[in-house]
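Asker: give me the fold of what follows.
(3 chains)
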Amino acid sequence: MDEAQGYVLLTALALPLLAALALLFLPGERKMAARYFSAVIGAILLGLSVYVFLAYQASGDILQMRLQWPWIEHVGFLGANGISLHLGVDGISALLTLLTGVVAFAGTLIAWKLEYRAKDFFILFWVLIAGVYGTFFSLDLFFFFFFYELAVVPLYLLIGIWGSTRKEYGAMKLTLMLVGGSVGIWIGIFAVVHEAGLGTFDLPTLWEAGRNGALSPEFQKIIFPFFAVGCGVLAGLWPLHTWSPDGHMSAPTSVSMVHAGVLMKLGAFGIIRLGIQILPEGAEFWMPALLVLGTIGALYGAIAALTQRDFKLISGYSSVSHMGYVLIGLATLHEVGVSGAALQMFSHGVMTALVFLLIGALYDQAHTRDLSDFGGIAKVMPLWVIAYVVAGLANVGLPGLSGFTAEFHIFVGAFKTYPVFGGLAILAAAIAAAYMLRMFGVVFFGPLNPRWRDLKDLSPIETVSAALLILSMLAMGLWWSPFTDRLANTVVNLPGVTS
Amino acid sequence: MAEHAWILAAVPGIAFIAMAAAGRKLPRQGDWLAVLCATAVFALFFAVLASFLGLGENAWPVLNSIEWTAIGDFHLNMGIAVDPITIVMLAVITTVALMVNVFSVGYMKGEPRYWWYFAVLQLFVASMLMLVLADNLLLLYVAWELVGLSSFLLIGHYWERRSAVEAAKKAFITTRVGDVGLLIGIILFWDATGTFNILEIIHYVEAGAIGDTRLFVTMMFILLGAMGKSAQLPFHVWLPDAMEGPTPVSALIHAATMVVAGVYLVARLLPVFELAGDALLVVTMVGLFTALFSGVVAFAQTDIKKVLAYSTVSQLGFMFVALGAGFVGAGMFHLFTHAFFKALLFLGAGAVIIGAHHHQEMGQLGGLWRKMPITAATFLIGSLALAGLFPLAGFWSKDEILHAVDYGRGSWAFLLISLAAIMTAFYTARLFIRTFLGKPQDAEVASHASEPGFIMTGPLVFLAFLSIVAGFFIFGGFGSAFGFPGGFSEFVFLHHPEVFHVDWGLVGLSTALFVIGTFGGAWFYWNGRLDRATVIAEWQPKVYEMVQRKFYFDDLYQFFIDRVVLGFSYLVSWFDRFAVNDTGVDGSATLTGYAGFLLKHLQTGRVPNYAMAIAAGVVALTLISLAVGS
Amino acid sequence: MVPMENYLVLSGILFSLGVYGVLARRNAVLVLMSVELMLNAVSLNFVAFAAYLDPSKATGIVFAVFVIAVAAAEVGLALAIVIRLFRNRSTANVDEAATMRW
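Answerer: As a prediction, this is how the structure comes out:
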């Protein structure tokens, strides 16, 4: 059973790669074919992701659906299982797999509108998605890093070619900062493999090594920052977050969705997989620092968002703020706090994907994102406004939507370990209400600016996409236990996590 | 039935989903569904009440909960708890909700987004019922936020109007600041006791699970939430602005139910407050300041809804004072009676607004009683109840509060709260006289004014009836007959029943307060004359302006937000752009580029140079290896 | 048997001449010839050590043969470049071929 389910993971990983390959042979002018094909692939992936999430047994082993294919063994310093394609999911990656499926499908539908080189866009898009799935599934350091990079690199082209507003600058900055972070991860990976002396990149083996003392505490303390900062760049760790507002500002809609929705989570996921799980002692030593940075990020992003004039900058800073929550949750090393971090990754993913979807839908018509240009557009775009209000309220942490579920867990964890920082985090949530409502007031309500009389509401495809994301938010907001149950076993058994 | 009281909240919840999804397409945009739903909830309440009383005192509180989520050692249950306090709240909510739903059918006729209005009204009722049924603080917080959301949506119902949008925003953010405190308080409770369940928390605290200082701090955070929702000083600023919403909404949310959630929360946690050092004294002080402050501000308001809004703030202060004195019965009783007569006054104001074609400035009204006799009569009853005329509802509850304060806090508080009671009578008299009596101020308005139809006067009459009789629930016999065995104060109690007996001295004093206030108001404003009031205003123009500008609270907050908060935000944005991005990130990129610019000169393109470099390198390496080797 | 030192000294002289030629001459053909001189010096070393240390093994000699082969290929390529350079610039002076820079 386990093995057979492992092939599900393999399919989810291989399918986007094969799709990209197949699209290569499609003539570029047959855009509709590329779109339909991609939509079908997206739907299948969504189905597979939902299956992975539902099939993950809350009460079973921590790692499930494992599949291991040896690749390089007994060569040079590599011993048994040196490098192998080792797939599997735990509770956290099962949740993030679901997130990827939802956001990727929604993003595919939104990319429907793209006219310029549509086929090439989808090729890169699917490579990126394959990288994301691969990172979540990999239980082998080598492949983890391989897929991690595979997810980052297509971004450069996707933003550089299909972007807007200073796209070369945004793309270049984003890529350089992320690749810079990767250097740290790469150094850390080799240090760990060398120090453990087991001649293997296999993650479960290395986790064991981190727990049983094969990696000395001093070593762990030195290496942990490489992972934390390297992955932290992608997770929007303050003060290495500046690629986020600029990157989002220049990225095309569906790339923004996938990027803020899923890719930023790779960073936080990396901190768990590499940092906490391989180097528990290092994590324990450095977590207070991460907590401070996370809290600064949460407050700083929220405060900076108060006075932004560009939709996407508001969302970019709000992402910094919300990823700050994720870091706070991780840094508590408390079972509820870490669960909250995982929930927040999902919550922020769907919420921010929805926000970027909506901003894109508006920008395509209005060709401006300046808040003060708008006013009263609830009159002409009611669906759009309702969707945005739902997303905004999730952002604010309104009970009944996913944001509250996640933030509540983080607050509880933070109060148990660092009460003052918990209080600051709640304060940031109050500021979130201010910047969200300010935007609602200026843009959606008030008298209609006659310039926007002809704006069109969401198209049916966009509505489907938005509805999917809203459903995800409601599901997590209204019914917690399917999500928390799957996380519980994994989180409680993370090394160093207290109760 | 009592253990399934959650059905009360589920019915309007389902109605909300149905109406939000399909309301616009239903015949009459689904208003009948809203009224039907409110009627059903009203009827179900009596089923719950009957079952609750049938179970008997030993079965109270009636509990029902399920496990909601669990992570490791962290368990969370969700459920309902029905006890007498809950029953009182249910009575208030279901009654006023029904009246408001019916009234709205007339009031909102032809308004934009008619269906949406009714849908959100159901959402509000559902969340409000959930709030009072919740057996744990987390569910309470969830409902607390949801009533805030419905309030936000309803205040901003006319979102084409900039002022309505601003008011909605202000209400949401102001209460949100209080909610931050509430959430912190709730989590601090959990931290100390490991549970969110209200009864368990009380139990743990009584067993001494939380240290003194910590308990006091926790209660102060909880109180912040209560103050935000119940518009106590200094969070009161949102409530008068919330009058931008449709008037029936003001009656339901901003007079009878949502704003008393803070009072309810304090009453619910009163056993904990009592143990938390001086926490109750703080509650009293907050209530006193609020009652006096808003009483004064109400003198100078000219919009009839604004007067009522400040009056509500003031009356909420009364309730806080009673709770602060440790008398849950008195606080809840005033909540109970106030809900009816203040809802009546707001609905009456709504009738005036409709009758006078959306004129609500007192300067344009006057003499309306000829044109709108039913409205005027019911409004008079509501006013007298508010002012505290024997034996209307407000009299009994105010009497209870005076008694509680005298007994629990001493004469200084008694004196101040008496002063606030005189103010109440004064501004109420002013409001009624200037609106309904005297000569019409604006002939145009008066000539077109007319009594609204039965759909609107019906609820007025019903609420007027309640405003007369609700006070009698305090008596044992009357209370038992209508569902509050032993009278209100004996029904709602925590440690020991607060036995009620009429204290004729207090009755006399109370009546004297009413007479002073009312006749003071009449002397100033009778027959439409304003000269006496104007003399005072002109005698001290600065003071008058200060009162009219609400003691500059709003201006102060506006200044704080514009200059401090937004200024800080600009600073952070600037820092992010120039220090972090342009210096840190772009700076390192520029530095790399500049290094390349310098080093590129090494690349001459001449082969002999490279060859020389290689040779020199070899020599250098050889020398180094010789030096190291030896 | 000729002592080892003689071979090494000869090879050292040849190599130094080659280095001098590469660094000091400006004519591309002469630079090329100097490079050949250095290669031959190395080959000589290989063969000398091969015969001196363990005559039964041919490792050094094989290397020398490799060097000769590579040198031949290199000369073929390099002369072609020199000819292209002369055709384009009418000179074989390496100092003037300095366009391969920033």
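Asker: wait, A:L306 touches A:A433, no?
Answerer: No - contact criterion C-beta atoms under 8 Å: A:L306 and A:A433 do not qualify, at 10.8 Å. (Each C-beta comes from the backbone N, C-alpha and C, glycine too.)
Asker: the two - which one has more neighbours?
Answerer: Between A:L306 and A:A433, A:A433 has the larger neighbour count (other C-beta atoms under 10 Å in any protein chain shown), namely 26 against 22.
Asker: SS state for that one?
Answerer: helix (DSSP: H, G, I helix; E, B strand; the rest coil).
Asker: distance check, it against C:N93.
Answerer: Relative to C:N93, A:A433 is positioned 76 Å away (C-beta to C-beta, to the nearest Å).
Asker: and what of A:M436?
Answerer: 72 Å.
Asker: what about those two, which has more around it?
Answerer: The residue with more neighbours, out of A:M436 and C:N93, is A:M436; 26 against 13, by other C-beta under 10 Å.
Asker: report the separation between that one and chain C.
Answerer: A:M436 is 51 Å from chain C, where distance means C-beta to the nearest C-beta, to the nearest Å.
Asker: buried ones in the helix or strand hosting that residue, by neighbour count?
Answerer: Using DSSP states H and E, A:M436 sits in helix A:419-439. Buried residues in helix A:419-439, counted by 16 or more other C-beta atoms under 10 Å in any protein chain shown: A:421-439.
Asker: contacts with chain B among the residues you listed, please.
Answerer: A:422-423, A:426-427, A:429-430, A:433-434, A:437-438 (C-beta under 8 Å from any C-beta of the partner chain).
Asker: just name the closest of the residues you listed to chain C, please.
Answerer: Using C-beta to the nearest C-beta, the shortest approach to chain C within those belongs to A:R438, at 50.8 Å.
Asker: isn't that closest one up against A:L306?
Answerer: Yes - contact status for A:R438 versus A:L306: in contact at 7.1 Å, counting by C-beta under 8 Å.
Asker: who touches both of these two?
Answerer: Common neighbours of A:R438 and A:L306 (criterion: C-beta atoms under 8 Å, 6 or more residues apart in numbering or on different chains): none identified.
Asker: hang on, the earlier thing: which other helices and strands does the helix holding A:M436 contact?
Answerer: helix A:280-305, helix A:311-332, helix A:382-396, helix A:402-417, helix B:162-193 (3 or more C-beta pairs under 8 Å, 6 or more residues apart in numbering or on different chains; DSSP states H and E).
Asker: got those helices as CSV, with mean pLDDT columns?
Answerer: Supplementary listing: these in CSV, determined by pLDDT from 0 to 100:
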stretch, mean pLDDT
helix A:280-305, 91
helix A:311-332, 90
helix A:382-396, 90
helix A:402-417, 90
helix B:162-193, 89
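Asker: which one of the ones you listed is the most hemmed in?
Answerer: The highest average neighbour count among the helices and strands packed on helix A:419-439, using mean count of other C-beta atoms under 10 Å in any protein chain shown, belongs to helix A:311-332 at a mean of 29.
Asker: residue of chain B closest to chain C, please.
Answerer: For chain B, C-beta to the nearest C-beta, closest residue to chain C: B:G605, 3.3 Å.
Asker: residue contacts, the closest residue to that residue other than its chain neighbours?
Answerer: Residue nearest to B:G605 in three dimensions, not counting chain neighbours: C:R101, with 3.3 Å by C-beta to C-beta, 6 or more residues apart in numbering or on different chains. Residues near C:R101 by C-beta under 8 Å, 6+ apart: B:600, B:603-605.
Asker: quick one: C:R101 is in a helix?
Answerer: No - counting by three-state DSSP, C:R101 is not found in a helix; it is coil.
Asker: need the residue closest to the centroid of chain C.
Answerer: C:E36 (2.5 Å; C-alpha atoms, centre = their mean).
Asker: quick one: that one from C:A69, how far?
Answerer: In terms of C-beta to C-beta, C:E36 sits 13 Å off from C:A69.
Asker: picking up where we left off before, make a markdown table out of the contacts of C:R101 and add neighbour count.
Answerer: Formatted as a markdown table, those follow (neighbours: other C-beta atoms under 10 Å in any protein chain shown):
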| residue | neighbour count |
| --- | --- |
| B:K600 | 10 |
| B:Q603 | 12 |
| B:T604 | 15 |
| B:G605 | 13 |
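Asker: and which of those is nearest to A:H241?
Answerer: For those, the closest approach to A:H241 (C-beta to C-beta) belongs to B:K600, at 32.5 Å.
Asker: that closest one and B:G593: what is the separation?
Answerer: Counting by C-beta to C-beta - B:K600 and B:G593 are separated by 11 Å.
Asker: with B:L335 instead?
Answerer: In this view, B:L335 and B:G593 are 70 Å apart by C-beta to C-beta.
Asker: which one of the two has more residues nearby?
Answerer: Using other C-beta under 10 Å, the more surrounded residue of B:L335 and B:G593 is B:L335, with 27 against 9.
Asker: chain neighbours aside, what residue packs nearest to the more buried one?
Answerer: B:V260 (5.1 Å).
Asker: find the helix or strand that the residue lying closest to B:F189 once chain neighbours are set aside is a member of.
Answerer: Closest residue in space to B:F189, ignoring its immediate chain neighbours: B:I201 at 5.4 Å, by C-beta to C-beta, 6+ apart. Secondary structure assignment for B:I201, by DSSP H and E: helix B:198-206.
Asker: which residues are in contact with that helix?
Answerer: For helix B:198-206, contacts defined as C-beta under 8 Å, 6+ apart pick out B:61, B:63, B:81, B:134-137, B:140, B:189, B:192-193, B:195, B:210, B:215, B:268-269, B:271-272, B:275.
Asker: how about 7 Å then?
Answerer: When contacts are defined by C-beta atoms under 7 Å, 6 or more residues apart in numbering or on different chains, helix B:198-206 is touched by residues B:81, B:135-137, B:189, B:193, B:195, B:215, B:268, B:271-272, B:275.
Asker: after the helix or strand hosting A:A33 comes which helix or strand?
Answerer: Per DSSP H and E, A:A33 falls inside helix A:31-55. The first helix or strand that comes after helix A:31-55 along the chain, using DSSP H and E, is strand A:64-72.
Asker: before we move on, back to that, could you say what helices and strands the helix or strand the residue nearest to the centre of chain C falls within packs with?
Answerer: For C:E36, the host element (DSSP H and E) is helix C:28-53. On a contact count with 3 or more C-beta pairs under 7 Å, 6 or more residues apart in numbering or on different chains; DSSP states H and E, helix C:28-53 meets helix C:4-24, helix C:59-89.
Asker: present the ones you listed as CSV; the columns should include mean neighbour count.
Answerer: CSV is the format used below for the helices and strands packed on helix C:28-53 (neighbours: other C-beta under 10 Å):
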stretch, mean neighbour count
helix C:4-24, 15
helix C:59-89, 13
